[in-house]
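S.K.: Show me the folded form of this:
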Amino acid sequence: MLPKLYSWTNLMRVSRQFNSKRNICINCCFVRSNPLNLISIPKINRTVHLFAPSVSTIRKTRKMPHVIDVNHSQISRFIVTHAAKNPLIKNGFDYISKIPLLNACIVEISSKLRYYIEECASLCSPKDIYICNGTDLEYLQMLKILQKNGTIECLPKYENCWLARTNPADVARVEKRTFISTDIKSDTIPISREGITGELGNWISPNDMDEAILERFPNCMKGRTMYVIPFSMGPIGSPLSKIGIEITDSAYVVCSMRIMTRMGEKVLETLGNDDFVKCLHSVGVPRNNSKVNITHSWPCDPERTIILHKPAKNEIVSYGSGYGGNSLLGKKCFALRIGSTIARKEGWLAEHMLINLGTEEAIQ
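M.R.: Residues are numbered from 1 along each chain as shown. Presented below is the predicted three-dimensional model:
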């Protein structure tokens, strides 16, 4: 039964009150309790299974959502119908592994990806989860977060030019702490004579790799946001492209991956329920007795930095560094190391190069 709203004026008054309190406007939903405040999300398809945290509050009101659904149809009917009327909606739909999800995802997340996110969230214990959509608005909000934290500062003489001051102990790739994990050592590096250390790579056993992860990653994202970055190495949808999912606790990595790769919800649409390269990264948490001076603006754990690859499962794990070569896992980790093993299976070649298609005048 409708509440006693006999006039259109009263109905509109209630509608405006509903909008202001619930952060819901006519054609879009604004995510609440989100460091990326006021990120607009367009009307959502009815098959989506991930909702913004604010949607759950609608379910608590018994009369007003029904009034708006009937008499104020410009508001997305998906929001009201699913939150207020559908008995199949259970508490916790805006959570992944009991961790709050900061935004609504227009593209349905596959079971494989959801399981991977849950697995990483259980290990790293972030305060919340954000699934990156790759929009310009998201990029600007990430830059604001980095500015607020003191990670970057704007150089005003150039357009979209930013200066990031890293920790002096975190300024380069760490080849000596970069490992490939295979069951058989000779599959990774040539076996040298006793007492001689090879220079062609570092091998680690699967058991030692698991031990290294368990020594570093449990609770490493506590108090931080876990960002889920769907990215494509190559044009989205191309049969030659490869898709990866990087999970990180660094907004700097999110901004950089947007520049270095094609990332966002279009990648999720293309991925569907297919396999993907799994990339887990954390800037880490240094030990209490660390000798390195760590600042809030550039968190890292350089004393325990490690980069691990497991080609058999297309997995990359990086800990302790925010430096691009160690944290942007689509670069050398994926495109060269994991890429070379995928190439061997599929019959192509992974090269580390730049192809310049400029004119002779541009080159000069």
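S.K.: Run me through the strand neighbours of the strand ranked longest in the chain, direction for each.
M.R.: Taking DSSP state E as the criterion, the chain has its longest strand at strand 225-233. Pairing partners of strand 225-233, with direction, according to DSSP bridges: strand 128-131 (parallel), strand 242-248 (antiparallel), strand 262-263 (antiparallel).
S.K.: Give me the helices and strands touching the next helix or strand after the first one, please.
M.R.: This points to strand 128-131. Scanning forward in sequence from strand 128-131, with DSSP states H and E defining helices and strands, the next element found is helix 136-149. The helices and strands touching helix 136-149, judged by 3 or more C-beta pairs under 8 Å, 6 or more residues apart in numbering; DSSP states H and E, are strand 152-154, strand 162-164, helix 251-260. All C-beta spots, glycine's among them, are computed from the backbone N, C-alpha and C.
S.K.: Report the angle between helix 136-149 and helix 251-260.
M.R.: Taking axes from the mean of the first three to the mean of the last three C-alpha atoms, to 10 degrees, helix 136-149 and helix 251-260 form an angle of 140 degrees between their directions.
S.K.: Helices of this protein, start to end?
M.R.: Listed in chain order, the helices of the chain (DSSP state H) span 8-22, 55-58, 64-71, 77-80, 111-124, 136-149, 206-216, 251-260, 265-271, 324-327, 339-346, 360-363.
S.K.: Lowest average confidence across the ones you listed, which one?
M.R.: Per-segment confidence across the helices of the chain bottoms out at helix 77-80, which has a mean of 32 in mean pLDDT.
S.K.: which residues does the residue most central in space within the chain form a beta bridge with?
M.R.: Ranked by distance to the mean C-alpha position of the chain (C-alpha atoms, centre = their mean), the top residue is Val228 at 1.9 Å. Assessed by DSSP bridges, Val228 has beta-bridge partners Ile131, Ile247.
S.K.: so what's it up against?
M.R.: By C-beta atoms under 8 Å, 6 or more residues apart in numbering, Val228 lies in contact with Ile117, Ile129, Tyr130, Ile131, Cys132, Ile245, Glu246, Ile247.
S.K.: Arg114 versus that one, what's the distance?
M.R.: Applying C-beta to C-beta, to the nearest Å, one obtains 10 Å for the distance of Val228 from Arg114.
S.K.: ditto for Cys279
M.R.: Taking C-beta to C-beta as the measure, Cys279 falls 16 Å from Arg114.
S.K.: who has more neighbours, the two?
M.R.: Legend: neighbour count by other C-beta atoms under 10 Å for Cys279 and Arg114, higher for Cys279 (25 against 15).
S.K.: pLDDT at the more buried one, what is it?
M.R.: Cys279 is assigned a pLDDT of 98 by the prediction.
S.K.: Provide the partner residues of it in its beta bridges.
M.R.: Glu246, Ile316.
S.K.: pretty sure Leu349 contacts Gly339?
M.R.: No. Under the criterion of C-beta atoms under 8 Å, Leu349 is not in contact with Gly339, lying 9.5 Å apart.
S.K.: Those two: which is more packed in?
M.R.: The residue with more neighbours, out of Leu349 and Gly339, is Gly339; 22 against 8, by other C-beta under 10 Å.
S.K.: what's the more buried one in contact with, if anything?
M.R.: Met233, Lys242, Ala350.
S.K.: contacting residues around the second one?
M.R.: Contact analysis of Lys242 by C-beta under 8 Å, 6+ apart lists Ser232, Met233, Gly234, Val277, Phe334, Gly339, Ile342.
S.K.: repeat that with 6 Å
M.R.: Taking C-beta atoms under 6 Å, 6 or more residues apart in numbering as the contact definition, Lys242 lies against Met233.
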